[in-house]
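Undergrad: Everything below, folded, please.
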Amino acid sequence: MKIKRGPRAFPWAAAAALAFLGACETGGSGTKVAGCDAGPCATTAVQTTVERAAQNAVKCNDRVPVYEGGAKIGDMCPEAALLAGHTLLDLSDDFVPHVLRGEGDGKVPSYNGIYAKLANEEFGEDADWDRAKIDRYFELYGVFPTLSVMRKRLRDEKRHKCHDAVSDEGLANLDEELNTWRPLEEQQKEAGEVRGLGALLKMAAGALKLDSIDKLDKSKTYGARYRHYKRLKTRGQAVTELQEHLKCEGLLDSSSNRAMKGILDRPTITAMQTYHRRHMLVTWQLDEETRTTLLTNSRELDFRTLLRTLRERVIDATGLIEDGTASGERGKVLGRSLDARAFLASPRPGEEASGEGAPDLISGATDAAARALGWINPRAFLKQRVPDRVAVKLPPRPAYHGEHMELRAVVDRGDVWYDFPYSHTGDRRLQLVENRPAITLYAEHEGREIALVRWPTTIGGWQPERIENGRIYLVYKDSPAGPRVWRDIIAEPRWIPPENTPERDLVRPRYGEGWALKNDTFGPHYASAYGLVMMVHHRVDGKPGKERYTDQGIRTHGSASYDSILQGESHGCHRLHNHRALRLSAFLLEHRHHQVRGSIPVGYSRYFEWRGKNKKLEFESRGFRYELTPPVPVEVTRGRVMGQAMAPLYPQKLTAELRERYANPG
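TA: Numbering: from 1, shown residues only. Okay, the predicted model is just below:
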């Protein structure tokens, strides 16, 4: 699929002309422009000059419509629009993130066409699409739906009316979190208890000549049983209403009895997890966040998804990354918070990044774009159909933005436990982590350092590994501290399994067709081991001009395991949510000199037999490489080492008894 792209959203050669300056400028009379606080501002005088130049620009054949206040106000040549201070937004269904675009002359990552199909919810028939058909929704994997998909969702009145018809009384009254994995027997017992208590209370109310069992609430004899009954009934009613909403979405089969009414059984849980993905929620429970989402009008939920899609297009067009995580101040778009609590959480609540933290520039730019386009509510969006590319006025970018920025990253490992996680009796040791790992990106500007983002990440820990005759033991996977660099950005990365990987781990069952290769793990794939993009950590040795770059196998990369980044560990890598990994790579490519190296050739093949069938695992490429010139420095801190062990323990240091005890830890 050919991806149509316009000129860059903001040519840095014109930055001076547009007054992207560190201090507030003055108007033609030398007075300060109204509303220009300390920080980067463009001036009325400069804007007027640029707009006049734009009006006299050479005519072109690919004029772009200009939107303001929800209406088209004219057309301009793209170059003239940029000079006039507009931003060009790509709203097409062919859109792919920066890192998947590559460049001309055939240097384009192979996954960009697949990404576009996923964003359009178009699936193929071969085994490589099986995972996507199960997941169905991909925002949590870094793939946002297109505007055509969102238009279709918002126009689905049958679905919206179905949601409107659900009573929601139980969900509204539920004041507790329901454990998703409660045993079925326990839930069924509660359902029976509700029926029995309901009959008993009805009889009691009749005997007392009460017109409702609700009047038993204050009864000394029946009050406690009534309140217990109401609590259990509300639980079941809330689950039943959840199931009705899931049926409205087509996620739970309404034509059969696969799901037990009012019971969080496996079909209901699976459907609820798909619902979570649809609305970019990172949770596995019927918790407060899920309940609030279910109680929100379905049209409003779709509109928030639309705004998230617009936000990614704005980020791509502006080269912004500043989302408020470095300052702790998160903005809103059209008065709405678009992110689930997982993406609002700080690695260390109440503690800001050292240095000046950048405000949430992304929300402000997205809000301005939505207002310029007139997308202020679902109805307004559906009333107009904008072209694939438009020009809008957005807030000026920061003074420190440029074509090549002085950047550095810090990976703070937080609290580190090297102690073996089990006691000699086999009990799990309590190893509290108050300070979670965090990654902070800094920019240097005019002698000061600005923290741009501060995101939760992961470090290594105790992980199962096959060693010694194929047995599985716990092995500590370290995330080495010290200075490193990001030199290589790898799009569509592939994970090549070690030769000792069991053949069973290379395949997965495919319903009705035997076994297929596990390509969604190997990549390229949104759910691969490295996600959609990774930044390689290199250790640099040698003198300047004769540097040696050593790859120790550590990366900063995206991850499909979106629920574990806030509380889990890795095999040593620093994992990010996929959409954040894409934003980081785009920012580095937009604001750092680099070369497009293209596909990394590799001649890997492995033949094996599985269940009587010959299988061939083969890779022609390890990914699509960009090389930052020069690399970005990365400091991995030692963190705060907890416990008694001051360095990683390896399996050979454990006793034979312990190695045997913790074989197959699961």
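Undergrad: So which bits of the lengthiest strand in the chain are buried?
TA: The residue-count maximum for a strand in the chain (DSSP state E) belongs to strand 613-636. The neighbour-count check on strand 613-636 (16 or more other CB atoms under 10 Å) flags 615, 617, 619, 621-626, 628, 631-634, 636 as buried. All C-beta atoms are positioned from the backbone trio N, CA, C, and that covers glycine.
Undergrad: from the residues you listed, which two are the most distant?
TA: Using CB to CB, those span at most 43.1 Å, a distance reached by K615 and P633.
Undergrad: related to what we said a few turns ago, which one of the buried residues of strand 613-636 is nearest to A438?
TA: Of all the buried residues of strand 613-636, V636 has the smallest distance to A438: 11.6 Å, by CB to CB.
Undergrad: if we look at the sheet, which residues does that closest one bridge to?
TA: Beta-bridge pairing for V636 (DSSP bridges): V411, G482.
Undergrad: give me every residue that touches it.
TA: Taking CB atoms under 8 Å, 6 or more residues apart in numbering, we find V636 in contact with 411, 413, 479-484, 537.
Undergrad: which residue ranges form the strands in the stretch 51-200 of the chain?
TA: Secondary structure of the stretch 51-200 of the chain by DSSP state E, counting those that start in this stretch: the strands cover 64-68, 71-76, 86-90.
Undergrad: what's the most buried one of those strands?
TA: strand 86-90 (a mean of 23; mean count of other CB atoms under 10 Å).
Undergrad: what's that strand packed up against?
TA: Judged by 3 or more CB pairs under 8 Å, 6 or more residues apart in numbering; DSSP states H and E, the packing partners of strand 86-90 are helix 78-83, helix 298-318, strand 389-393.
Undergrad: Can you dump the C-alpha atoms of the shortest one in PDB for me?
TA: Backbone C-alpha positions of strand 389-393 (Å, rounded to 0.1, in the frame of the first residue of the first chain) are rendered in PDB as follows:
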ATOM      1  CA  ARG A 389      -5.100  16.500   4.300                       C
ATOM      2  CA  VAL A 390      -6.000  19.800   5.900                       C
ATOM      3  CA  ALA A 391      -4.200  22.900   7.200                       C
ATOM      4  CA  VAL A 392      -5.000  24.200  10.700                       C
ATOM      5  CA  LYS A 393      -3.500  26.800  13.000                       C
END
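Undergrad: Next, the buried residues of that strand.
TA: Within strand 389-393, the residues scored as buried using 16+ other CB under 10 Å are 389-393.
Undergrad: swap in stretch 393-412?
TA: For stretch 393-412, by 16+ other CB under 10 Å, it's 393-402, 405, 407-412.
Undergrad: Regarding it, how distant is the last residue from the first?
TA: The first residue of stretch 393-412 is 38 Å away from its last residue (CA to CA, to the nearest Å).
Undergrad: gap between the host helix or strand of L294 and the chain center?
TA: Under the criterion of DSSP states H and E, L294 resides in helix 288-295. Centroid displacement of helix 288-295 relative to its chain, using CA atoms, centre = their mean, to the nearest Å, is 19 Å.
Undergrad: same deal with stretch 137-151?
TA: 12 Å.
Undergrad: how does the protein divide up, domain by domain?
TA: According to automatic domain parsing, the chain comprises the domains 167-296, 399-661.
Undergrad: Quick one: closest of the ones you listed to G70.
TA: domain 167-296 (24.3 Å).
Undergrad: What about the residue lying closest to I263 once chain neighbours are set aside, how many residues nearby?
TA: Of all residues not flanking I263 in the chain, Q187 sits nearest, at 5.0 Å (CB to CB, 6 or more residues apart in numbering). Residues contacting Q187 under the criterion other CB atoms under 10 Å number 20.
Undergrad: Surely Q187 touches L264?
TA: Yes - if you go by CB atoms under 8 Å, Q187 and L264 touch, sitting 6.5 Å apart.
Undergrad: returning to that earlier point: just put the buried residues of strand 389-393 in TSV and tack on distance to A191.
TA: Converted to TSV, these look like this (distance: CB to CB, whole Å):
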residue	distance to A191
R389	56
V390	54
A391	59
V392	54
K393	58
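Undergrad: any chance of the strands of the stretch 51-200 of the chain in CSV, with mean pLDDT and distance to E492 too?
TA: As requested, those are exported to CSV (pLDDT from 0 to 100; distance: least, CB to CB, whole Å):
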stretch, mean pLDDT, distance to E492
strand 64-68, 96, 30
strand 71-76, 95, 35
strand 86-90, 97, 20
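Undergrad: Any chance of CSV for the ones you listed, columns distance to V99?
TA: Shown next, in CSV, are those (distance: least, CB to CB, whole Å):
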stretch, distance to V99
strand 64-68, 24
strand 71-76, 29
strand 86-90, 15
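Undergrad: Can you check which of those strands gets nearest to A438?
TA: Comparing those by CB to CB, strand 86-90 comes nearest, at 30.6 Å.
Undergrad: can you give me the helices in the stretch 101-250 of the chain?
TA: 112-119, 130-135, 147-154, 157-165, 169-173, 184-207, 223-248 (DSSP state H, counting those that start in this stretch).
Undergrad: same question for the fourth one, mean pLDDT?
TA: Right, helix 157-165. Across helix 157-165, the average pLDDT comes to 98.
Undergrad: by contact count, what packs against it?
TA: Packing partners of helix 157-165 (3+ CB pairs under 8 Å, 6+ apart): helix 223-248, helix 298-318.
Undergrad: Just the CA trace of the following helix or strand past the last one, in CSV.
TA: The element immediately downstream of helix 298-318 (helix or strand, assigned by DSSP H and E) is helix 341-344. Extracted as CSV, the C-alpha positions of helix 341-344 are listed here (Å, rounded to 0.1, in the frame of the first residue of the first chain):
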residue,chain,number,x,y,z
ARG,A,341,-5.7,5.8,34.7
ALA,A,342,-2.8,3.5,33.6
PHE,A,343,-1.5,6.2,31.3
LEU,A,344,-2.1,9.0,33.9
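Undergrad: And the contacts of helix 341-344?
TA: Helix 341-344 is contacted by residues 281-283, 289, 330, 337, 562-563, 566, 577 when judged by CB under 8 Å, 6+ apart.
Undergrad: and R277, what helix or strand is that in?
TA: Assigned by DSSP H and E, R277 belongs to helix 266-278.
Undergrad: now that helix and helix 288-295, what's the angle there?
TA: 80 degrees (axes from the mean of the first three to the mean of the last three CA atoms, to 10 degrees).
Undergrad: Could you export helix 266-278 as CSV, CA atoms only?
TA: Below are the C-alpha coordinates for helix 266-278, written out as CSV (Å, rounded to 0.1, in the frame of the first residue of the first chain):
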residue,chain,number,x,y,z
ARG,A,266,-14.9,-17.3,30.8
PRO,A,267,-17.0,-16.1,27.8
THR,A,268,-18.0,-13.0,29.8
ILE,A,269,-14.5,-12.3,30.9
THR,A,270,-13.1,-12.8,27.4
ALA,A,271,-15.7,-10.4,26.0
MET,A,272,-15.0,-7.9,28.8
GLN,A,273,-11.3,-7.9,28.0
THR,A,274,-12.1,-7.2,24.3
TYR,A,275,-14.3,-4.3,25.5
HIS,A,276,-11.3,-3.0,27.6
ARG,A,277,-9.2,-3.0,24.5
ARG,A,278,-11.9,-1.2,22.5
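Undergrad: Buried ones in it, by neighbour count?
TA: 267-269, 271-278.
Undergrad: Please apply the same query to stretch 434-443.
TA: Neighbour-count burial for stretch 434-443, counted by 16+ other CB under 10 Å, picks out 435-443.
Undergrad: would a markdown table of those residues with secondary structure, pLDDT and distance to E449 be doable?
TA: Shown next, in a markdown table, are those (DSSP: H, G, I helix; E, B strand; the rest coil; pLDDT from 0 to 100; distance: CB to CB, whole Å):
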| residue | secondary structure | pLDDT | distance to E449 |
| --- | --- | --- | --- |
| N435 | coil | 91 | 21 |
| R436 | coil | 92 | 23 |
| P437 | coil | 95 | 21 |
| A438 | strand | 95 | 16 |
| I439 | strand | 96 | 16 |
| T440 | strand | 96 | 10 |
| L441 | strand | 97 | 11 |
| Y442 | strand | 96 | 5 |
| A443 | strand | 97 | 7 |
